[in-house]
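Visitor: Here's a sequence, model it:
(6 chains)
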4 protein chains.
Amino acid sequence: MRSNNDSHGLTFIEAARRAQIVDAAVALIAELGYPQVSIAKIAERINVAKSVVLYHFKTKDALIAAIVEDVMTTAAVTMAPLLTAESTAAGKLSAYIRANVAVLHEHRLRSVAMFEIVGAYRSADGRRFDQVAAESVQAEPPEGELALLDPLAIFDAGVRSGEFRPLPSVFMRNALRAALDGAVSELASNLDYDVLGYGEELVTIFDLATRRTT
Amino acid sequence: MRSNNDSHGLTFIEAARRAQIVDAAVALIAELGYPQVSIAKIAERINVAKSVVLYHFKTKDALIAAIVEDVMTTAAVTMAPLLTAESTAAGKLSAYIRANVAVLHEHRLRSVAMFEIVGAYRSADGRRFDQVAAESVQAEPPEGELALLDPLAIFDAGVRSGEFRPLPSVFMRNALRAALDGAVSELASNLDYDVLGYGEELVTIFDLATRRTT
Amino acid sequence: MRSNNDSHGLTFIEAARRAQIVDAAVALIAELGYPQVSIAKIAERINVAKSVVLYHFKTKDALIAAIVEDVMTTAAVTMAPLLTAESTAAGKLSAYIRANVAVLHEHRLRSVAMFEIVGAYRSADGRRFDQVAAESVQAEPPEGELALLDPLAIFDAGVRSGEFRPLPSVFMRNALRAALDGAVSELASNLDYDVLGYGEELVTIFDLATRRTT
Amino acid sequence: MRSNNDSHGLTFIEAARRAQIVDAAVALIAELGYPQVSIAKIAERINVAKSVVLYHFKTKDALIAAIVEDVMTTAAVTMAPLLTAESTAAGKLSAYIRANVAVLHEHRLRSVAMFEIVGAYRSADGRRFDQVAAESVQAEPPEGELALLDPLAIFDAGVRSGEFRPLPSVFMRNALRAALDGAVSELASNLDYDVLGYGEELVTIFDLATRRTT
DNA sequence: GATGAATGAGGCTTCATTCAT
DNA sequence: AATGAATGAAGCCTCATTCAT
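Guide: Numbers count the residues shown, from 1 in each chain, chains lettered A, B, ... in the order given. Reported below is the predicted structural model:
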């Protein structure tokens, strides 16, 4: 065991560079959009040679993957503590929305960057980000915190228990995810968008929309 | 005025070519994503020289603008007749959602292409599609049918008349637009997505979410 | 039918450029060796932009293929008339060697370039030139003049008719081909190598080596 | 003199690493071709850092030189015992061919690697392998076993003694060397090529071709 | 003895655009 | 109305090599 390696097998300096590169890439992607960000621009932003970026990531796709992982982990880690407390489906739903919106608010740049990537990334063979992701999810379903990112289970549980009105979970999930993604879209155009306020309104909307009608 | 010019000052041939190019571009963008579509690919798809495309559009940006205009016009024209009949805010809202969703369903490729463009387009100076669009909207507010594309007025009217519960119109509009865009996002991944079913669920959600509570 | 197209569908100017590029590439490959020749160097040599080369050939591999075709055609066309006259196997064999050697002598640069390519080319998936060529030969056996490039048939015929001693045609062919390639190898190191003299000696060697012993 | 240095001034460890690196390089060159083999690939194959390879060899050219020396020495050492026994020129010639072919057969990979290097190597200033080698041969003519690698002396002696017909030794040598190199060429395309059979045929050919005619 | 980090040069290719015909 | 030819900028990536540790 080498002394200056952390648990991921990375040197301190390596980890630092990687973080620096990821940060630069995130900032640039959020600002310029995914397709406009080149390895050259990333390198220039941190004053290193292009090859340094490729030394640490080997491929543009690998860099993107690292960014995505970073964002997802950040999101999951931030959201997790805000979710576990709740017991009712309605409570979980509100908590989910608020937690999600809180992440967007606290990690604006990362969120916007992720949004840009999801919207514009294509794999070498032309597949969309979602499709590539869906595939890897099937191969290896997310565990623990990452599983919390999909609200489908909340709707399913609420319906099953009768706490929610009968509703098509998948459409509901899609609507909620879309509404939340919409917040990032606004954020992308205006970093000062009141995401939290928007989130509260979403809480109201989805509360009213799922509630059992008497 | 030359005899074979239509109202836009285009000859038949010119109009036909432009339509052909737009169609090819739409199909390619929907399939490959905006950043992956080059003028070369568009030209190749319709078996003409690259320069033909640029002869008819002068610039890639001009081509994109033409596509956007085409899509928006198609959408407005399709939606318009489905909207005017309604008198209540709730009625208008439902009609708006159904009309919007109907457009997506009937013009899948165009919708997906538009979605790709909105997500990935950047002007030469790096501004997002929305930003560029917002600007030109300010300079020249949309009239007639195009005005119908923004549901903000519906929420405003519903609140003002007391038909809707008091609600923040802008957030509501954003949530609705996002939810509708979400449909296109699903469509982009899967052209067989049940947009109409999803639309019905949105009708329910937004009905429940705007209704005056007794 | 456009007026300035030749039978291959190429414009005059296109044909001229292609020839110019091929010539430059041949000269550079002969001088520097295949791996050292880049599209940039070729372009520089004829004072055009790199992209011009790629405009006319699309790919480095396509350029190489064009060179190879050019060399082979040149060789076949040059050799053909020198071969048909002969009727005996021995006569054909001598003629083949002399014809081959004559080509090398008259088209030194092209021969050396071809030699360099055969020695160093690898397809994208790592296969050797011979292997790629063998494959395409199997798919579409060479006809007419190109068929003359392989002396195997001569040995086969000579053995079958009893004009040659019993001998393993394939090994014999390989030895002859190798000896002829050796001439190019010498040429590559020294453009003034006496290929014709060497050829005469080969004629002697293979005459003695195939002759029926009494 | 340090205790763990051998006669070349290398420690055991150093010698072992060098051998390991040379072996890896040989295998890779034989498989992928000289131009496709990079120091990175060599290092990766033996699971060390790129810099390790350069620590032991300082330069890619130095590594190649080491490989060449290794191959030549292997060849000379293998051939030597098979040659000394013969007294007649014809005997020596047959022995030379058989010995050479035996080396190719027993050290396929090394032979193919050498073949790839000879075919594709260029010094920094663009000179071919042969040319660089010829130069160093002139500066320091090979002694002992290495001298045996060139069959020119055999032809010279055979002619001088009248055992061979009058023949141009240099052309003859070139033809023989080329024919032998051809075996490696076949080997490069197909490691199962019957080199020994081919060698026997060469023995026959060159026997018939050098024999005094009555 | 080994290695991680960095680098700059150069490789092939794609792109939007211009211009003369 | 169409097109062939050319271009330079930019994109990603590979390479041999250097240097401090």
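Visitor: From now on I want contacts and neighbour counts done on CA atoms only, so please keep to that.
Guide: OK.
Visitor: so where is chain A shaky, pLDDT-wise?
Guide: Filtered on pLDDT under 70, chain A yields the residue ranges A:1-9, A:142-148, A:214.
Visitor: how about a cut-off of 50?
Guide: Counting by pLDDT under 50, the ranges of chain A that qualify are A:1-3.
Visitor: Assign the residue nearest to the spatial centre of chain A to helix, strand or coil.
Guide: Central residue of chain A (CA atoms, centre = their mean): residue A:72, 4.6 Å from the mean position. Here residue A:72 is recorded as helix under DSSP: H, G, I helix; E, B strand; the rest coil.
Visitor: and it, how far is that from chain C?
Guide: 36 Å (CA to the nearest CA, to the nearest Å).
Visitor: do the same with residue A:114
Guide: 34 Å.
Visitor: And for residue A:110?
Guide: Counting by CA to the nearest CA, the gap from residue A:110 to chain C is 38 Å.
Visitor: Tell me which helix or strand that residue sits in.
Guide: Element membership of residue A:110 [criterion: DSSP states H and E] is helix A:108-120.
Visitor: count of neighbours near the residue in chain A that chain C sits nearest to?
Guide: Scanning chain A for proximity to chain C using CA to the nearest CA identifies residue A:124 as nearest, at 16.8 Å. When neighbours are counted by other CA atoms under 10 Å in any protein chain shown, residue A:124 registers 8.
Visitor: Which helix or strand contains it?
Guide: Judged by DSSP H and E, residue A:124 forms part of no helix or strand.
Visitor: still on that earlier bit, mind giving me the packing neighbours of the helix holding residue A:110?
Guide: helix A:12-32, helix A:60-83, helix A:129-139, helix A:169-189, helix B:108-120 (3 or more CA pairs under 8 Å, 6 or more residues apart in numbering or on different chains; DSSP states H and E).
Visitor: what angle do that helix and helix A:129-139 make?
Guide: On the basis of axes from the mean of the first three to the mean of the last three CA atoms, to 10 degrees, helix A:108-120 is oriented at 90 degrees to helix A:129-139.
Visitor: could you dump helix A:108-120 to PDB, C-alpha only?
Guide: This file holds the C-alpha atoms of helix A:108-120, laid out as PDB (Å, rounded to 0.1, in the frame of the first residue of the first chain):
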ATOM      1  CA  ARG A 108     -26.500  25.500  -9.400                       C
ATOM      2  CA  LEU A 109     -23.500  25.100 -11.700                       C
ATOM      3  CA  ARG A 110     -23.300  21.400 -11.400                       C
ATOM      4  CA  SER A 111     -27.000  21.100 -11.900                       C
ATOM      5  CA  VAL A 112     -27.000  23.200 -15.000                       C
ATOM      6  CA  ALA A 113     -24.000  21.400 -16.400                       C
ATOM      7  CA  MET A 114     -25.700  18.100 -15.800                       C
ATOM      8  CA  PHE A 115     -28.700  19.500 -17.600                       C
ATOM      9  CA  GLU A 116     -26.600  20.600 -20.500                       C
ATOM     10  CA  ILE A 117     -25.000  17.200 -20.700                       C
ATOM     11  CA  VAL A 118     -28.200  15.300 -20.600                       C
ATOM     12  CA  GLY A 119     -29.700  17.500 -23.300                       C
ATOM     13  CA  ALA A 120     -26.800  17.400 -25.700                       C
END
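Visitor: Surely residue A:208 touches residue B:209?
Guide: Yes: at 5.3 Å, residue A:208 and residue B:209 qualify as touching, with contact defined as CA atoms under 8 Å.
Visitor: So these two - more neighbours on which side?
Guide: Neighbours per residue (other CA under 10 Å) separate residue A:208 from residue B:209, with residue B:209 holding more: 23 against 19.
Visitor: coming back round to it: how big is the angle separating the helix holding residue A:110 from helix A:60-83?
Guide: If you take the same axes, to 10 degrees, helix A:108-120 sits at 120 degrees to helix A:60-83.
Visitor: Next, the angle helix A:169-189 makes with helix A:108-120.
Guide: 120 degrees.
Visitor: before we move on, back to that, and the residue nearest to the centre of chain A, how far from DNA strand F?
Guide: 22 Å (CA to the nearest atom of the strand, to the nearest Å).
Visitor: Now do that residue against chain D, distance only.
Guide: With CA to the nearest CA as the criterion, residue A:72 and chain D are 32 Å apart.
Visitor: Over to residue A:177?
Guide: From residue A:177 to chain D the distance is 44 Å (CA to the nearest CA).
Visitor: What are the neighbouring residues in contact with that residue?
Guide: The contact partners of residue A:177, taken as CA atoms under 8 Å, 6 or more residues apart in numbering or on different chains, are residue B:182.
Visitor: Please report the distance of it from residue B:207.
Guide: Distance, residue A:177 to residue B:207, using CA to CA, to the nearest Å: 19 Å.
Visitor: likewise residue A:166?
Guide: 16 Å.
Visitor: So these two - more neighbours on which side?
Guide: residue B:207 (19 against 15).
Visitor: May I have the helix or strand harbouring the more buried one exported as PDB, CA atoms only?
Guide: According to DSSP H and E, residue B:207 maps onto helix B:195-210. This file holds the C-alpha atoms of helix B:195-210, laid out as PDB (Å, rounded to 0.1, in the frame of the first residue of the first chain):
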ATOM      1  CA  VAL B 195     -48.000  11.300 -25.300                       C
ATOM      2  CA  LEU B 196     -51.800  11.500 -25.400                       C
ATOM      3  CA  GLY B 197     -52.200   9.400 -22.300                       C
ATOM      4  CA  TYR B 198     -49.600  11.500 -20.600                       C
ATOM      5  CA  GLY B 199     -51.400  14.600 -21.700                       C
ATOM      6  CA  GLU B 200     -54.700  13.400 -20.100                       C
ATOM      7  CA  GLU B 201     -52.900  12.900 -16.900                       C
ATOM      8  CA  LEU B 202     -51.500  16.400 -17.100                       C
ATOM      9  CA  VAL B 203     -55.000  17.700 -17.700                       C
ATOM     10  CA  THR B 204     -56.000  16.000 -14.400                       C
ATOM     11  CA  ILE B 205     -53.000  17.200 -12.500                       C
ATOM     12  CA  PHE B 206     -53.400  20.800 -13.500                       C
ATOM     13  CA  ASP B 207     -57.100  20.700 -13.000                       C
ATOM     14  CA  LEU B 208     -56.700  19.500  -9.500                       C
ATOM     15  CA  ALA B 209     -53.800  21.800  -8.900                       C
ATOM     16  CA  THR B 210     -55.600  25.000 -10.000                       C
END
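Visitor: I'm done for today, thanks for sticking with me.
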